[in-house]
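Student: Predicted model follows, preceded by the sequence.
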Amino acid sequence: MVQLRKLHKKYGEFTAVDHIDLDVPYGQVFGVLGPNGAGKTTTLRMITGLLKPTSGSITIDGHDMGEDSVAAKSVTGFIPDRPYVYDKLTAFEYLKFIGGLYNMPSKRIAERMREMLELFELREWGDSLIESFSHGMKQRLVFAGALLPKPRLLVVDEPMVGLDPKGHRLIKNLFKELAHEIGMTVLLSTHTLEVAEEVCDNIVIINHGNIIARGTLNELRTESGEDDGSLEQVFLRLTEESKEERAQAVAERFGHEYDASEDGRGTP
Ligand SMILES: Nc1ncnc2c1ncn2[C@@H]1O[C@H](COP(=O)(O)OP(=O)(O)OP(=O)(O)O)[C@@H](O)[C@H]1O
């Protein structure tokens with residue numbers, strides 16, 4: 001479904017994503033994990049076409065993002081980590097706007113709006129202004145919008161932010177159903193390891209812009225030597241760094257040269 005080849009992103013001199021290769025199969029829940037600043041959001045935003053790579057290629061469902069970004073984006077739904085929605089619209093108006101972006105016929109938009117508002121327990125709120133919604137309701141509305149056109153690929157950055165326990169359960173079940181029953185590919189980044197453990201068929205772990213491990217939870221357990229470990233133990237083991245590695249990363253971040261002889265302090 002998604003192929004990344006030597007995907008690279010620099011912000012100025014800083015490398016956020018470092019020539020990664022990745023294949024995400026159809027019909028799976030695929031998790032992207034990694035510590036803060038690892039490059040997860042940057043990678044997902046490049047896949048959705050919101051950020052332009054410095055180099056490398058992205059193919060979505062056979063469409064090359066560089067050559068035909070409209071075709072690649074037309075099969076993709078995106079749920080960002082923060083629900084940016086225009087407060088002065090009603091839920092109906094917001095969903096109609098999304099349907100229009102995907103060129104959906106009005107009848108289809110009306111049908112899907114009803115289904116989505118029902119699914120995300122917002123049925124009575126269709127005519128209400130979004131400004132009256134709580135954070136969690138806004139997040140659920142963003143989910144409804146992203147799924148409205150039935151995308152083949154759903155990209156989700158930190159899905160659990162702002163959702164209550166009932167919302168967590170709804171979303172976890174939904175991801176599994178979408179992937180395993182409808183065949184949608186769900187590509188998600190999360191810090192909630194219990195979510196990844198429960199729903200992801202495959203996982204990649206990113207650190208400093210590189211993929212440092214990939215596979216099923218069992219394969220990651222073997223790789224990390226944590227044979228019976230939880231994903232948290234596996235994650236901590238795989239991302240643990242020596243003092244030198246940490247110092248080097250900080251020095252690179254601030255454009256300094258790292259000199260190990262200086263006890264890990266970067267020199268300007
Ligand atoms: N617009 C930007 N300009 C400069 N640096 C940026 C920009 N956006 C991100 N970065 C840097 O790129 C690196 C990767 O950021 P990114 O947001 O992709 O990480 P992440 O893995 O999603 O982190 P988190 O888990 O904290 O959300 C970080 O060091 C970040 O500071």
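Tutor: Structure's in. What do you need? Computed from a predicted model, the values in this text were never measured in an experiment.

Student: I'd like the distance between the spatially closest residue to residue 103 that is not a sequence neighbour and residue 144.
Tutor: Using CB to CB, 6 or more residues apart in numbering and skipping residues adjacent in sequence, the residue nearest residue 103 is residue 74, 7.9 Å away. Yep, even glycine has a C-beta here, placed from its N, CA and C like the rest. Distance, residue 74 to residue 144, using CB to CB, to the nearest Å: 19 Å.

Student: of the two, who's got more company?
Tutor: Neighbour tally, residue 74 and residue 144, criterion other CB atoms under 10 Å: the higher count belongs to residue 144, 23 against 17.

Student: Now do the same for the more buried one: its pLDDT.
Tutor: As predicted, residue 144 sits at a pLDDT of 94.

Student: Name the nearest residue to it, ignoring sequence neighbours.
Tutor: Of all residues not flanking residue 144 in the chain, residue 116 sits nearest, at 3.8 Å (CB to CB, 6+ apart).

Student: From what I see, the one you found and residue 95 are in contact.
Tutor: Yes. In this structure, residue 116 is within contact of residue 95 by CB atoms under 8 Å, at 6.8 Å.

Student: Check the contact lists of those two and give me the overlap.
Tutor: Counting by CB atoms under 8 Å, 6 or more residues apart in numbering, the contacts common to residue 116 and residue 95 are 144-145, 148.

Student: so, if you compare those residues, which one comes nearest to residue 122?
Tutor: residue 144 (6.7 Å; CB to CB).

Student: ok, the closest one to residue 102 distance?
Tutor: Using CB to CB, residue 144 is found at 13 Å from residue 102.

Student: Could you do residue 133 as well?
Tutor: Distance from residue 133 to residue 102, counting by CB to CB: 22 Å.

Student: which one of the two has more residues nearby?
Tutor: Neighbours were counted for residue 133 and for residue 102 using other CB under 10 Å; residue 133 has more, 19 against 16.

Student: Now do the contacts for the more buried one.
Tutor: Counted by CB under 8 Å, 6+ apart, residue 133 has contacts 91, 125, 141.

Student: For the residues you listed, which single residue is the most surrounded?
Tutor: Among these, residue 91 has the most neighbours (other CB under 10 Å), with 28 neighbours.

Student: Now the helix or strand where residue 235 lies: buried residues?
Tutor: Residue 235 belongs to helix 231-239 when assigned by DSSP states H and E. For helix 231-239, burial by neighbour count (16 or more other CB atoms under 10 Å) applies to 231, 234-235, 237-239.

Student: repeat for stretch 214-227
Tutor: Neighbour-count burial for stretch 214-227 flags 214, 217, 220-221, 223-224, 226 (criterion: 16+ other CB under 10 Å).

Student: and if you look at stretch 146-166?
Tutor: Neighbour-count burial for stretch 146-166, counted by 16+ other CB under 10 Å, picks out 146-163.

Student: Flag every residue of the protein that's near the ligand.
Tutor: 11, 14, 16, 34, 36-42 (CB under 6 Å from any ligand atom).

Student: So which of the residues you listed belong to helices?
Tutor: Per DSSP state H, helices hold the following members of those: 40-42.

Student: By neighbour count, which of these wins?
Tutor: Of all these, residue 40 has the most neighbours under the rule other CB under 10 Å, reaching 27 neighbours.

Student: still on that earlier bit, the residue nearest to residue 103 and residue 153, how far apart?
Tutor: Distance of residue 74 to residue 153, given as CB to CB: 10 Å.

Student: okay, stretch 206-216 in CSV with CA atoms only?
Tutor: C-alpha atoms of stretch 206-216 as CSV (Å, rounded to 0.1, in the frame of the first residue of the first chain):
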residue,chain,number,x,y,z
ILE,A,206,12.3,5.0,14.5
ASN,A,207,15.0,6.8,16.3
HIS,A,208,17.0,9.8,15.1
GLY,A,209,15.3,9.6,11.7
ASN,A,210,16.4,5.9,11.1
ILE,A,211,14.3,2.7,11.3
ILE,A,212,16.1,0.8,14.1
ALA,A,213,13.8,-2.2,14.2
ARG,A,214,10.8,-3.6,12.4
GLY,A,215,8.5,-6.7,12.6
THR,A,216,5.7,-8.2,14.6
